[in-house]
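In: Sharing a model that was predicted from the sequence below.
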Amino acid sequence: MNQTFLAQFSLSDVLSAGEFTSNEVIEAFNQIWTDLLLSPGIYPSIVKLGLLIALGSMAIFLVQWGKEMMKGGKLVDFDKVIWVVVVIMLLNNDGRLLAETTLGLRAVINETNQMVLSQTANDLTLREAYKQAAVQKSSAEVLAIIKEQCRTQATPEAQQKCLEQKERQFEEYIRRVQEINGSENSSYWERFTAYLRQEIETVSSGALASFIRPAIVGVLALLFGAFSSAFQWLLEIALILQAMIAPIAVGASILPTSSKPIISWVSGFFALGMAKLGFNLVAGLVATVDVTAGESLSSLVLPVFLGLFAPVLALVVAGGSGFAMFVALSSVSSGLTNLVVTKVTTSFARSSKSVAPKK
(Lines give C-alpha, C1' and ligand atoms only; values in the text may rest on other atoms or scores of the structure.)
Protein backbone atom coordinates (compact mmCIF):
# COMPACT_ATOMS: atom_id res chain seq x y z
CA MET A 1 0.00 0.00 0.00
CA ASN A 2 1.21 3.50 -0.78
CA GLN A 3 2.35 5.02 2.50
CA THR A 4 2.03 8.65 1.40
CA PHE A 5 -1.51 9.74 2.00
CA LEU A 6 -1.23 13.25 0.56
CA ALA A 7 0.12 11.81 -2.67
CA GLN A 8 -3.02 9.70 -3.02
CA PHE A 9 -5.41 12.53 -2.19
CA SER A 10 -4.03 15.88 -3.34
CA LEU A 11 -4.47 18.63 -0.79
CA SER A 12 -4.72 21.24 -3.53
CA ASP A 13 -7.59 19.27 -5.05
CA VAL A 14 -9.47 19.29 -1.76
CA LEU A 15 -8.98 23.01 -1.14
CA SER A 16 -9.74 24.06 -4.70
CA ALA A 17 -12.99 22.11 -4.50
CA GLY A 18 -14.35 24.96 -2.43
CA GLU A 19 -14.26 27.45 -5.30
CA PHE A 20 -17.25 27.81 -7.56
CA THR A 21 -16.82 25.78 -10.72
CA SER A 22 -18.76 28.46 -12.57
CA ASN A 23 -15.85 30.90 -12.15
CA GLU A 24 -13.47 28.36 -13.64
CA VAL A 25 -15.86 27.72 -16.52
CA ILE A 26 -16.16 31.45 -17.22
CA GLU A 27 -12.37 31.88 -17.28
CA ALA A 28 -11.93 28.82 -19.48
CA PHE A 29 -14.40 30.11 -22.06
CA ASN A 30 -13.37 33.79 -22.12
CA GLN A 31 -10.83 33.34 -24.91
CA ILE A 32 -13.19 31.09 -26.86
CA TRP A 33 -15.87 33.79 -26.79
CA THR A 34 -13.43 36.41 -28.02
CA ASP A 35 -11.99 34.20 -30.76
CA LEU A 36 -15.38 33.14 -32.07
CA LEU A 37 -17.11 36.52 -32.08
CA LEU A 38 -14.33 39.03 -32.78
CA SER A 39 -11.93 37.09 -35.00
CA PRO A 40 -12.27 36.27 -38.72
CA GLY A 41 -13.74 32.85 -39.23
CA ILE A 42 -17.01 31.27 -38.22
CA TYR A 43 -18.90 34.34 -36.98
CA PRO A 44 -18.39 36.48 -40.13
CA SER A 45 -19.59 33.49 -42.18
CA ILE A 46 -22.76 33.32 -40.09
CA VAL A 47 -23.15 37.09 -40.51
CA LYS A 48 -23.06 36.60 -44.29
CA LEU A 49 -25.81 34.00 -43.91
CA GLY A 50 -27.74 36.50 -41.82
CA LEU A 51 -27.32 39.09 -44.59
CA LEU A 52 -28.69 36.63 -47.16
CA ILE A 53 -31.68 36.02 -44.93
CA ALA A 54 -32.06 39.78 -44.51
CA LEU A 55 -32.04 40.26 -48.30
CA GLY A 56 -34.67 37.57 -48.72
CA SER A 57 -36.73 39.14 -45.96
CA MET A 58 -36.30 42.54 -47.62
CA ALA A 59 -37.61 41.13 -50.89
CA ILE A 60 -40.71 39.82 -49.12
CA PHE A 61 -41.10 43.18 -47.39
CA LEU A 62 -40.88 45.09 -50.69
CA VAL A 63 -43.39 42.80 -52.38
CA GLN A 64 -45.90 43.28 -49.59
CA TRP A 65 -45.25 47.01 -49.51
CA GLY A 66 -45.81 47.21 -53.26
CA LYS A 67 -49.13 45.43 -52.91
CA GLU A 68 -50.20 47.86 -50.19
CA MET A 69 -49.19 50.81 -52.39
CA MET A 70 -51.27 49.48 -55.26
CA LYS A 71 -54.24 49.24 -52.93
CA GLY A 72 -53.76 52.84 -51.82
CA GLY A 73 -51.92 52.11 -48.60
CA LYS A 74 -49.35 54.20 -46.78
CA LEU A 75 -46.44 55.58 -48.77
CA VAL A 76 -43.88 54.48 -46.17
CA ASP A 77 -44.43 51.93 -43.40
CA PHE A 78 -42.09 53.51 -40.87
CA ASP A 79 -42.29 50.73 -38.27
CA LYS A 80 -40.87 48.25 -40.80
CA VAL A 81 -38.25 50.73 -42.00
CA ILE A 82 -36.99 51.07 -38.41
CA TRP A 83 -36.30 47.33 -38.26
CA VAL A 84 -34.45 47.52 -41.57
CA VAL A 85 -32.19 50.24 -40.17
CA VAL A 86 -31.56 48.21 -36.98
CA VAL A 87 -30.64 45.11 -38.98
CA ILE A 88 -28.24 47.05 -41.21
CA MET A 89 -26.51 48.57 -38.18
CA LEU A 90 -26.09 45.23 -36.40
CA LEU A 91 -24.87 43.24 -39.42
CA ASN A 92 -22.60 45.93 -40.83
CA ASN A 93 -18.80 45.39 -40.70
CA ASP A 94 -19.08 41.61 -40.27
CA GLY A 95 -21.52 42.03 -37.40
CA ARG A 96 -18.99 43.82 -35.18
CA LEU A 97 -21.63 45.80 -33.29
CA LEU A 98 -23.76 42.68 -32.79
CA ALA A 99 -20.75 40.69 -31.52
CA GLU A 100 -19.73 43.40 -29.06
CA THR A 101 -23.33 43.72 -27.86
CA THR A 102 -23.49 39.96 -27.29
CA LEU A 103 -20.23 40.01 -25.31
CA GLY A 104 -21.64 42.89 -23.28
CA LEU A 105 -24.76 40.87 -22.45
CA ARG A 106 -22.57 37.97 -21.31
CA ALA A 107 -20.52 40.33 -19.14
CA VAL A 108 -23.72 41.62 -17.51
CA ILE A 109 -24.85 38.05 -16.78
CA ASN A 110 -21.49 37.12 -15.23
CA GLU A 111 -21.29 40.33 -13.20
CA THR A 112 -24.81 39.75 -11.86
CA ASN A 113 -23.78 36.25 -10.78
CA GLN A 114 -20.79 37.64 -8.91
CA MET A 115 -22.93 40.27 -7.19
CA VAL A 116 -25.41 37.63 -6.02
CA LEU A 117 -22.68 35.33 -4.73
CA SER A 118 -21.18 38.16 -2.71
CA GLN A 119 -24.41 38.64 -0.75
CA THR A 120 -24.67 37.21 2.76
CA ALA A 121 -26.99 34.63 4.22
CA ASN A 122 -26.64 33.55 7.84
CA ASP A 123 -23.48 35.70 8.23
CA LEU A 124 -21.84 34.01 5.24
CA THR A 125 -21.47 35.11 1.66
CA LEU A 126 -22.84 32.43 -0.66
CA ARG A 127 -19.37 31.95 -2.15
CA GLU A 128 -17.82 31.36 1.30
CA ALA A 129 -20.63 28.97 2.24
CA TYR A 130 -20.05 26.92 -0.88
CA LYS A 131 -16.32 26.79 -0.24
CA GLN A 132 -16.72 25.80 3.40
CA ALA A 133 -19.27 23.10 2.60
CA ALA A 134 -17.08 21.67 -0.15
CA VAL A 135 -13.98 21.58 2.06
CA GLN A 136 -16.00 20.07 4.89
CA LYS A 137 -17.34 17.26 2.71
CA SER A 138 -13.99 16.71 1.03
CA SER A 139 -12.34 16.40 4.43
CA ALA A 140 -14.93 13.83 5.43
CA GLU A 141 -13.91 11.85 2.37
CA VAL A 142 -10.27 12.18 3.45
CA LEU A 143 -11.19 10.66 6.80
CA ALA A 144 -13.05 7.86 5.05
CA ILE A 145 -10.00 7.06 2.93
CA ILE A 146 -7.78 7.02 6.02
CA LYS A 147 -10.10 4.65 7.84
CA GLU A 148 -10.46 2.33 4.87
CA GLN A 149 -6.71 2.16 4.23
CA CYS A 150 -5.90 1.36 7.84
CA ARG A 151 -8.79 -1.09 8.26
CA THR A 152 -7.33 -3.34 5.56
CA GLN A 153 -4.10 -3.90 7.52
CA ALA A 154 -3.62 -7.53 8.51
CA THR A 155 -2.93 -7.13 12.24
CA PRO A 156 -4.07 -4.71 14.97
CA GLU A 157 -0.47 -3.58 15.35
CA ALA A 158 -0.25 -2.73 11.65
CA GLN A 159 -3.57 -0.88 11.87
CA GLN A 160 -2.33 1.20 14.80
CA LYS A 161 0.94 2.00 13.04
CA CYS A 162 -1.01 3.05 9.94
CA LEU A 163 -3.26 5.30 12.02
CA GLU A 164 -0.31 6.99 13.71
CA GLN A 165 1.27 7.75 10.36
CA LYS A 166 -1.98 9.03 8.87
CA GLU A 167 -2.65 11.16 11.93
CA ARG A 168 0.60 13.07 11.42
CA GLN A 169 -0.22 13.63 7.76
CA PHE A 170 -3.76 14.68 8.61
CA GLU A 171 -2.45 17.20 11.15
CA GLU A 172 -0.49 18.77 8.29
CA TYR A 173 -3.68 18.82 6.24
CA ILE A 174 -5.53 20.65 9.05
CA ARG A 175 -2.72 23.18 9.31
CA ARG A 176 -2.95 23.90 5.59
CA VAL A 177 -6.73 24.28 5.81
CA GLN A 178 -6.33 26.86 8.57
CA GLU A 179 -3.52 28.62 6.72
CA ILE A 180 -5.52 29.04 3.52
CA ASN A 181 -8.99 29.63 4.97
CA GLY A 182 -8.39 30.95 8.47
CA SER A 183 -8.95 34.57 7.49
CA GLU A 184 -12.51 33.88 6.34
CA ASN A 185 -15.01 33.24 9.14
CA SER A 186 -12.31 32.09 11.55
CA SER A 187 -14.82 30.88 14.16
CA TYR A 188 -16.18 28.36 11.69
CA TRP A 189 -12.73 27.03 10.78
CA GLU A 190 -11.80 26.72 14.46
CA ARG A 191 -14.88 24.57 15.10
CA PHE A 192 -14.24 22.59 11.95
CA THR A 193 -10.59 21.81 12.66
CA ALA A 194 -11.52 20.86 16.24
CA TYR A 195 -14.04 18.40 14.83
CA LEU A 196 -11.45 16.91 12.47
CA ARG A 197 -8.94 16.45 15.29
CA GLN A 198 -11.59 14.76 17.42
CA GLU A 199 -12.44 12.43 14.57
CA ILE A 200 -8.86 11.39 13.89
CA GLU A 201 -8.16 10.94 17.61
CA THR A 202 -11.23 8.74 17.93
CA VAL A 203 -10.06 6.63 15.02
CA SER A 204 -6.54 6.42 16.44
CA SER A 205 -7.90 5.24 19.77
CA GLY A 206 -9.03 2.01 18.16
CA ALA A 207 -12.71 2.62 17.36
CA LEU A 208 -12.03 2.09 13.68
CA ALA A 209 -14.68 -0.29 12.45
CA SER A 210 -17.61 1.85 13.61
CA PHE A 211 -16.45 4.74 11.41
CA ILE A 212 -16.10 2.84 8.16
CA ARG A 213 -18.18 4.40 5.39
CA PRO A 214 -19.20 2.51 2.29
CA ALA A 215 -17.03 3.24 -0.73
CA ILE A 216 -20.19 3.87 -2.76
CA VAL A 217 -20.71 7.15 -0.87
CA GLY A 218 -17.50 8.60 -2.25
CA VAL A 219 -18.25 7.31 -5.73
CA LEU A 220 -21.71 8.90 -5.70
CA ALA A 221 -20.31 12.19 -4.41
CA LEU A 222 -17.81 12.29 -7.27
CA LEU A 223 -20.49 11.32 -9.79
CA PHE A 224 -22.94 14.03 -8.76
CA GLY A 225 -20.09 16.53 -8.57
CA ALA A 226 -19.28 15.69 -12.18
CA PHE A 227 -22.95 16.20 -13.11
CA SER A 228 -22.85 19.64 -11.49
CA SER A 229 -19.73 20.69 -13.38
CA ALA A 230 -21.08 19.27 -16.64
CA PHE A 231 -24.29 21.28 -16.24
CA GLN A 232 -22.32 24.51 -15.90
CA TRP A 233 -20.27 23.64 -18.97
CA LEU A 234 -23.50 22.88 -20.81
CA LEU A 235 -24.92 26.31 -19.94
CA GLU A 236 -21.80 28.08 -21.20
CA ILE A 237 -21.80 26.11 -24.45
CA ALA A 238 -25.52 26.85 -24.88
CA LEU A 239 -24.78 30.56 -24.48
CA ILE A 240 -22.08 30.31 -27.16
CA LEU A 241 -24.48 28.58 -29.56
CA GLN A 242 -27.09 31.23 -28.82
CA ALA A 243 -24.53 33.94 -29.56
CA MET A 244 -23.50 32.31 -32.83
CA ILE A 245 -27.05 32.24 -34.23
CA ALA A 246 -27.64 35.92 -33.42
CA PRO A 247 -26.94 37.12 -37.01
CA ILE A 248 -29.59 34.74 -38.34
CA ALA A 249 -32.17 36.03 -35.86
CA VAL A 250 -31.25 39.62 -36.73
CA GLY A 251 -31.48 39.02 -40.48
CA ALA A 252 -34.89 37.39 -40.16
CA SER A 253 -36.23 40.33 -38.14
CA ILE A 254 -37.06 42.20 -41.37
CA LEU A 255 -39.80 39.66 -42.07
CA PRO A 256 -43.23 41.30 -41.75
CA THR A 257 -44.28 39.34 -38.67
CA SER A 258 -45.77 40.53 -35.40
CA SER A 259 -43.05 38.94 -33.25
CA LYS A 260 -39.46 39.55 -34.32
CA PRO A 261 -36.86 36.74 -34.15
CA ILE A 262 -34.39 39.11 -32.49
CA ILE A 263 -36.80 39.43 -29.54
CA SER A 264 -36.92 35.63 -29.24
CA TRP A 265 -33.12 35.52 -29.40
CA VAL A 266 -32.68 38.07 -26.61
CA SER A 267 -35.26 36.20 -24.50
CA GLY A 268 -33.39 32.93 -25.02
CA PHE A 269 -30.06 34.50 -24.08
CA PHE A 270 -31.66 36.01 -20.98
CA ALA A 271 -33.18 32.63 -20.04
CA LEU A 272 -29.78 30.93 -20.18
CA GLY A 273 -28.33 33.71 -18.04
CA MET A 274 -31.14 33.16 -15.52
CA ALA A 275 -30.32 29.45 -15.50
CA LYS A 276 -26.72 30.27 -14.49
CA LEU A 277 -27.90 32.71 -11.86
CA GLY A 278 -30.50 30.29 -10.51
CA PHE A 279 -28.00 27.45 -10.26
CA ASN A 280 -25.40 29.51 -8.41
CA LEU A 281 -28.02 30.97 -6.09
CA VAL A 282 -29.42 27.54 -5.21
CA ALA A 283 -25.90 26.15 -4.78
CA GLY A 284 -24.91 28.94 -2.41
CA LEU A 285 -28.08 28.69 -0.31
CA VAL A 286 -27.88 24.90 -0.01
CA ALA A 287 -24.21 25.17 0.94
CA THR A 288 -25.13 27.71 3.64
CA VAL A 289 -27.66 25.28 5.11
CA ASP A 290 -25.14 22.45 4.84
CA VAL A 291 -22.46 24.41 6.71
CA THR A 292 -24.93 25.50 9.39
CA ALA A 293 -26.23 21.97 9.91
CA GLY A 294 -22.72 20.54 10.08
CA GLU A 295 -22.50 16.79 10.51
CA SER A 296 -26.24 16.36 11.03
CA LEU A 297 -26.64 16.19 7.25
CA SER A 298 -25.45 13.34 5.09
CA SER A 299 -22.31 14.00 3.09
CA LEU A 300 -24.32 13.22 -0.04
CA VAL A 301 -26.84 16.04 0.45
CA LEU A 302 -24.71 18.76 -1.14
CA PRO A 303 -23.41 16.82 -4.19
CA VAL A 304 -26.84 15.27 -4.90
CA PHE A 305 -28.54 18.65 -4.72
CA LEU A 306 -25.92 20.34 -6.90
CA GLY A 307 -25.76 17.53 -9.43
CA LEU A 308 -29.47 16.74 -9.71
CA PHE A 309 -31.96 19.13 -8.12
CA ALA A 310 -30.18 22.46 -8.66
CA PRO A 311 -29.99 22.03 -12.47
CA VAL A 312 -33.68 21.10 -12.61
CA LEU A 313 -34.68 24.10 -10.49
CA ALA A 314 -32.45 26.39 -12.55
CA LEU A 315 -34.03 25.24 -15.82
CA VAL A 316 -37.55 25.66 -14.44
CA VAL A 317 -36.75 29.21 -13.32
CA ALA A 318 -35.06 29.95 -16.66
CA GLY A 319 -38.07 28.74 -18.64
CA GLY A 320 -40.48 31.00 -16.79
CA SER A 321 -38.10 33.95 -16.87
CA GLY A 322 -37.45 33.58 -20.59
CA PHE A 323 -41.16 33.57 -21.41
CA ALA A 324 -41.78 36.61 -19.22
CA MET A 325 -38.85 38.39 -20.88
CA PHE A 326 -40.22 37.60 -24.33
CA VAL A 327 -43.63 39.06 -23.47
CA ALA A 328 -42.05 42.15 -21.91
CA LEU A 329 -39.65 42.80 -24.80
CA SER A 330 -42.40 42.30 -27.37
CA SER A 331 -44.53 44.91 -25.63
CA VAL A 332 -41.63 47.33 -25.20
CA SER A 333 -40.43 47.01 -28.80
CA SER A 334 -43.95 47.53 -30.11
CA GLY A 335 -44.40 50.62 -27.92
CA LEU A 336 -41.03 52.10 -28.90
CA THR A 337 -41.66 51.47 -32.57
CA ASN A 338 -45.04 53.18 -32.40
CA LEU A 339 -43.49 56.10 -30.52
CA VAL A 340 -40.73 56.57 -33.10
CA VAL A 341 -43.21 56.27 -35.97
CA THR A 342 -45.46 58.89 -34.37
CA LYS A 343 -42.55 61.30 -33.86
CA VAL A 344 -41.25 60.82 -37.41
CA THR A 345 -44.71 61.18 -38.94
CA THR A 346 -45.41 64.33 -36.91
CA SER A 347 -42.07 65.88 -37.86
CA PHE A 348 -42.63 65.01 -41.51
CA ALA A 349 -46.10 66.57 -41.45
CA ARG A 350 -44.80 69.76 -39.85
CA SER A 351 -41.99 70.01 -42.38
CA SER A 352 -44.46 69.59 -45.24
CA LYS A 353 -46.66 72.39 -43.90
CA SER A 354 -43.72 74.74 -43.43
CA VAL A 355 -42.54 74.38 -47.03
CA ALA A 356 -46.03 74.47 -48.56
CA PRO A 357 -46.64 77.62 -50.74
CA LYS A 358 -48.91 80.24 -49.19
CA LYS A 359 -52.02 81.34 -51.08
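Out: Perfect, I can see it now.
In: drop to CA atoms for contacts and neighbour counts, all remaining ones
Out: Noted.
In: quick one, strands of this structure?
Out: With DSSP state E as the criterion, the chain has strands at 120-121, 124-125.
In: between those strands, which gets the lowest average pLDDT?
Out: Least confident of these, judged by mean pLDDT, is strand 120-121 with a mean of 48.
In: dump the residue contacts of Ile240.
Out: Trp33 (CA atoms under 8 Å, 6 or more residues apart in numbering).
In: And for Ala310, the neighbour number?
Out: As a burial measure, Ala310 scores 23 neighbours (other CA atoms under 10 Å).
In: So it is in contact with Leu277, correct?
Out: No: between Ala310 and Leu277 there is no contact under CA atoms under 8 Å: 11.0 Å.
In: pLDDT below threshold where in the stretch 251-359 of the chain?
Out: Scanning the stretch 251-359 of the chain for pLDDT under 70 picks out the ranges 290-299, 325-359.
In: what does the stretch 101-250 of the chain give?
Out: 117, 119-149, 151-154, 156, 159, 167, 170-171, 174, 177-219.
In: How about Ala226: what's its closest non-neighbour residue?
Out: Gly307 (7.3 Å; CA to CA, 6 or more residues apart in numbering).
In: what about the one you found, distance to Ser118?
Out: For Gly307, the distance to Ser118 (CA to CA, to the nearest Å) stands at 22 Å.
In: Comparing those two, which residue is more hemmed in?
Out: Using other CA under 10 Å as the criterion, Gly307 and Ser118 rank with Gly307 on top: 22 against 15.
In: how far away is the nearest residue to Gly319 once chain neighbours are set aside from Gly251?
Out: Closest residue in space to Gly319, ignoring its immediate chain neighbours: Ala271 at 6.4 Å, by CA to CA, 6+ apart. Relative to Gly251, Ala271 is positioned 21 Å away (CA to CA).
In: Phe61 now?
Out: On the measure of CA to CA, Phe61 and Gly251 end up 13 Å apart.
In: hang on, the earlier thing: have a look at Ala271 and Gly251 and say which one is more surrounded.
Out: Taking neighbours as other CA under 10 Å, Ala271 and Gly251 compare with Gly251 leading, 30 against 26.
In: now the helices for the protein?
Out: Under the criterion DSSP state H, the chain contains helices at 5-8, 11-16, 21-38, 42-70, 78-117, 126-151, 156-181, 186-204, 215-244, 246-251, 261-293, 301-304, 310-355.
In: The nearest residue to Ile248 once chain neighbours are set aside and Ala249: what is the separation?
Out: Distances taken as CA to CA, 6+ apart place Gly50 nearest to Ile248, at 4.3 Å, with adjacent residues excluded. Going from Gly50 to Ala249 by CA to CA gives 7 Å.
In: Same check on Gln165?
Out: In terms of CA to CA, Gln165 sits 64 Å off from Ala249.
In: So those two - more neighbours on which side?
Out: Ala249 (22 against 15).
In: tell me the contacts of the more buried one?
Out: 50, 261-262, 265.
In: what does Leu272 give?
Out: Taking CA under 8 Å, 6+ apart as the test, what Leu272 contacts is 235, 238-239, 318.
In: how many other residues sit next to the closest residue to Val250 other than its chain neighbours?
Out: Spatial nearest neighbour of Val250, chain neighbours left out: Ile262 (5.3 Å); criterion: CA to CA, 6+ apart. For Ile262, the count of nearby residues is 19 (other CA under 10 Å).
In: Quick one, grab the pLDDT at Gln31.
Out: 85.
In: Quick one: neighbours of it, just the number.
Out: 10.
In: what's the neighbour count on Ile26?
Out: 15.
In: Look up how far Leu103 lies from it.
Out: 12 Å.
In: go on, Met69?
Out: Met69 sits 41 Å away from Leu103, going by CA to CA.
In: Counting neighbours, go ahead and name the busier of the two.
Out: It is Leu103, of Met69 and Leu103, that has more neighbours when counted by other CA under 10 Å, with 18 against 13.
In: Nearest residue to that one in space, ignoring adjacent ones along the chain?
Out: Nearest one to Leu103, counting by CA to CA, 6+ apart, is Trp33 at 7.7 Å.
In: So what's the residue count around the one you found?
Out: 22.
In: got it, and the one 4 residues further on?
Out: Applying other CA under 10 Å, we find 23 other residues in the vicinity of Leu37.
In: so it makes contact with Val47?
Out: No: when contacts are counted by CA under 8 Å, Leu37 is not listed as touching Val47 (10.4 Å).
In: so who does the residue nearest to Ala226 touch?
Out: Gly307 touches 224-229, 231, counting by CA under 8 Å, 6+ apart.
In: now with 6 Å?
Out: Gly307 is in contact with 224-225, 227-228, counting by CA atoms under 6 Å, 6 or more residues apart in numbering.
In: Pick out whichever of the residues you listed sits closest to Ile109.
Out: Ser228 (19.3 Å; CA to CA).
In: quick one: the residue lying closest to the closest one once chain neighbours are set aside from Ala283, how far?
Out: With CA to CA, 6+ apart as the criterion, Ser228 has its nearest non-adjacent residue at 4.1 Å, and that residue is Gly307. Using CA to CA, Gly307 is found at 10 Å from Ala283.
In: ditto for Ala221
Out: Counting by CA to CA - Ala221 and Ala283 are separated by 15 Å.
In: More neighbours: the two, which one.
Out: Taking other CA under 10 Å, Ala221 and Ala283 do not tie; Ala283 has more neighbours (26 against 21).
In: Not counting its neighbours along the chain, what's nearest that one?
Out: Per CA to CA, 6+ apart, closest to Ala283 is Leu306, 6.2 Å.
In: Distance check, that neighbour against Gly320.
Out: 21 Å.
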